[in-house]
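J.: here is a sequence together with a model predicted from it:
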Amino acid sequence: MSSLHNYCCIAILSFLLLPRSLHSSCTRPPVIFNFGDSNSDTGGLVAGLGFPVNLPNGRAFFAKSTGRLSDGRLIIDFLCQSLNTSLLSPYLDSLGSNFSNGANFAVAGSCTLPKNVPFALNIQVQQFTHFKARSAELVNAGVNGVLGIESFSDALYIIDIGQNDLADSFSKGLSYVQVFNKIPSVLTEIQVAVKEIYNQGGRKFWVHNTGPLGCLPQKLALVRNDSLDSFGCIASYNEVAQVFNEGLRKLCQELRSDMKDVSVVYVDIYSIKLDIVANSSAYGFSSPLMACCGSGGPPYNYDKRVTCGFPGYQVCDQQSRFVSWDGVHYTEAANALIASKILSSDHSIPKVNFEFFCQ
């Protein structure tokens, strides 16, 4: 059986695994506002800072670069499609954007700390506050096609941030204990963001935890002499991610108790991504710890001097199946599988189906 035939069979399987994203029954999708980092950035980095995100980024679905750090769609894109709504426009992209279905405030590289720097979580929330106030002004002025005040109270607010707070701390030389001690401050910033959105009328929150940082090819290539776990991942990085995730789970539980008439769904992205790494061959993936697009070849194909899209990079065949796209971000194929598992609600607390937010 040819490799092309194998790929086609796997593509058909992926199609079947994503019934909601392809055949949604949602006829009145919610307005969606997203806050986060590169895991959900749909073009904010390019629009906000002019940072080049070149082909082959975007090659798998868009056939051009859209500013997404992937070969195609991100998890947020599949979630939007699962509710029959358009892909979210970056808040910072003023040309050709349509904000009738919400806005994406996520920008690659964003953290929760330090505050008040582009584009920390609190800055993203301030941008949202301005967006909401400006929308009200335009509605009162009789401008058509602008979100009304009721859209903000009915909207779904997605938060996917924290990875850079942990990973950047390690890259700056902080010890395991120092990163561990930083986690409560990161969680506090997420709590403050949710409560501020709540004060602005938001009542529906969808919160992603962070993935297994120690399984990212970039970290594996750059970090030496660290203990690896049974999956070949950096044990200390994954342990810190799990501590953060447990704190985030408890925070979401507290938020549900503290705020009235609110839905706060915690989604365990970590277990989904680790499962894909651990059982990659069962899902039709090869080399789960090696980047598709990068430089240096096996075992990780990551060189910080020659990254994906810049001169000298090498990229895997488009018919191949990789988990990691560029050493940090996931391929469209992996994102599709992750989204299908999110949509199953098996990894959500409480077990709320994503279509629950369909109005």
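T.: Perfect, thanks for sending it.
J.: gap between the closest residue to Phe170 other than its chain neighbours and Met259?
T.: Residue nearest to Phe170 in three dimensions, not counting chain neighbours: Val179, with 6.1 Å by CB to CB, 6 or more residues apart in numbering. C-beta: built from backbone N, CA, C; applies to glycine. Distance of Val179 to Met259, given as CB to CB, to the nearest Å: 29 Å.
J.: thinking again about what came up before, contacting residues for the residue nearest to Phe170?
T.: Counting by CB atoms under 8 Å, 6 or more residues apart in numbering, Val179 touches 166, 169-170, 240.
J.: for it, give me phi and psi.
T.: Torsion angles at Val179 (phi, psi; degrees, to the nearest 10) stand at phi -70, psi -40.
J.: Ser40 should be in a strand, yeah?
T.: No. Going by DSSP: H, G, I helix; E, B strand; the rest coil, the assignment for Ser40 is coil, not a strand.
J.: count the residues that sit near it.
T.: 27 (other CB atoms under 10 Å).
J.: quick check, pLDDT for the closest residue to Lys132 other than its chain neighbours.
T.: Spatially, and ignoring its direct neighbours in sequence, Lys132 is nearest to Phe152 (5.6 Å; CB to CB, 6+ apart). Looking at Phe152, its pLDDT stands at 97.
J.: same question for His23.
T.: 59.
J.: same thing with the one 10 residues further on?
T.: Phe33 is assigned a pLDDT of 98 by the prediction.
J.: those strands in the protein, which residues are they?
T.: 32-36, 102-104, 156-160, 204-208, 263-267, 286-291, 293-294, 314-315, 322-324, 348-349 (DSSP state E).
J.: kindly reformat those strands as CSV containing mean neighbour count and distance to Phe61.
T.: Formatted as CSV, these follow (neighbours: other CB atoms under 10 Å; distance: least, CB to CB, whole Å):
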stretch, mean neighbour count, distance to Phe61
strand 32-36, 27, 18
strand 102-104, 28, 17
strand 156-160, 26, 20
strand 204-208, 23, 21
strand 263-267, 22, 23
strand 286-291, 22, 19
strand 293-294, 27, 15
strand 314-315, 18, 15
strand 322-324, 26, 15
strand 348-349, 18, 26
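J.: possible to save these as a markdown table with distance to Ala193?
T.: Formatted as a markdown table, the strands of the chain follow (distance: least, CB to CB, whole Å):
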| stretch | distance to Ala193 |
| --- | --- |
| strand 32-36 | 7 |
| strand 102-104 | 15 |
| strand 156-160 | 7 |
| strand 204-208 | 10 |
| strand 263-267 | 12 |
| strand 286-291 | 31 |
| strand 293-294 | 32 |
| strand 314-315 | 36 |
| strand 322-324 | 29 |
| strand 348-349 | 19 |
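J.: out of those strands, which gets nearest to Gly67?
T.: Closest approach to Gly67 among the strands of the chain is made by strand 102-104 (10.4 Å; CB to CB).
J.: what is the nearest of the contacts of Val179 to Ala339?
T.: Nearest to Ala339 among those: Leu166, at 23.0 Å, using CB to CB.
J.: pLDDT at the closest one, what is it?
T.: So Leu166 comes in at 98 (pLDDT).
J.: got the contact list for the residue lying closest to it once chain neighbours are set aside?
T.: Counting by CB to CB, 6+ apart, Leu166 lies nearest to Val240, which is 5.6 Å off, once chain neighbours are set aside. Shown in contact with Val240 (CB under 8 Å, 6+ apart): 166, 170, 176, 179-180, 183, 213.
J.: how far away is the residue nearest to Phe170 from Val186?
T.: Separation of Val179 from Val186 (CB to CB): 10 Å.
J.: and Asn39, by the same measure?
T.: Counting by CB to CB - Asn39 and Val186 are separated by 16 Å.
J.: returning to that earlier point: kindly give a single ChimeraX line that selects the buried subset of the contacts of Val240.
T.: Buried residues within the contacts of Val240, by 16 or more other CB atoms under 10 Å, are selected in ChimeraX with:
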select :166,170,176,179,180,183,213
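J.: give me the subset of the contacts of Val240 that lies in helices.
T.: 166, 170, 176, 179-180, 183 (DSSP state H).
J.: make TSV out of the residues you listed and add distance to Ala193.
T.: As requested, the ones in helices among the contacts of Val240 are arranged in TSV below (distance: CB to CB, whole Å):
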residue	distance to Ala193
Leu166	17
Phe170	23
Tyr176	26
Val179	21
Phe180	22
Ile183	16
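J.: from these, which two are the most distant?
T.: Top of the distance list for those (CB to CB): Phe170 and Ile183, 12.7 Å.
J.: shared neighbours of Val179 and Val186, anything?
T.: Leu166.
J.: confidence score at the residue positioned nearest the centre of the chain?
T.: The C-alpha lying nearest the average C-alpha coordinate of the chain belongs to Asn39 (CA atoms, centre = their mean; 3.1 Å). Asn39 carries a pLDDT value of 98.
J.: and if you look at Leu16?
T.: 42.
J.: before we move on, back to that, of all the strands of the chain, which one is nearest Gly43?
T.: Per CB to CB, nearest to Gly43 of the strands of the chain: strand 102-104, 7.9 Å.
J.: pLDDT of that closest one, averaged?
T.: On average, strand 102-104 scores 98.
J.: could you do stretch 225-232 as well?
T.: 92.
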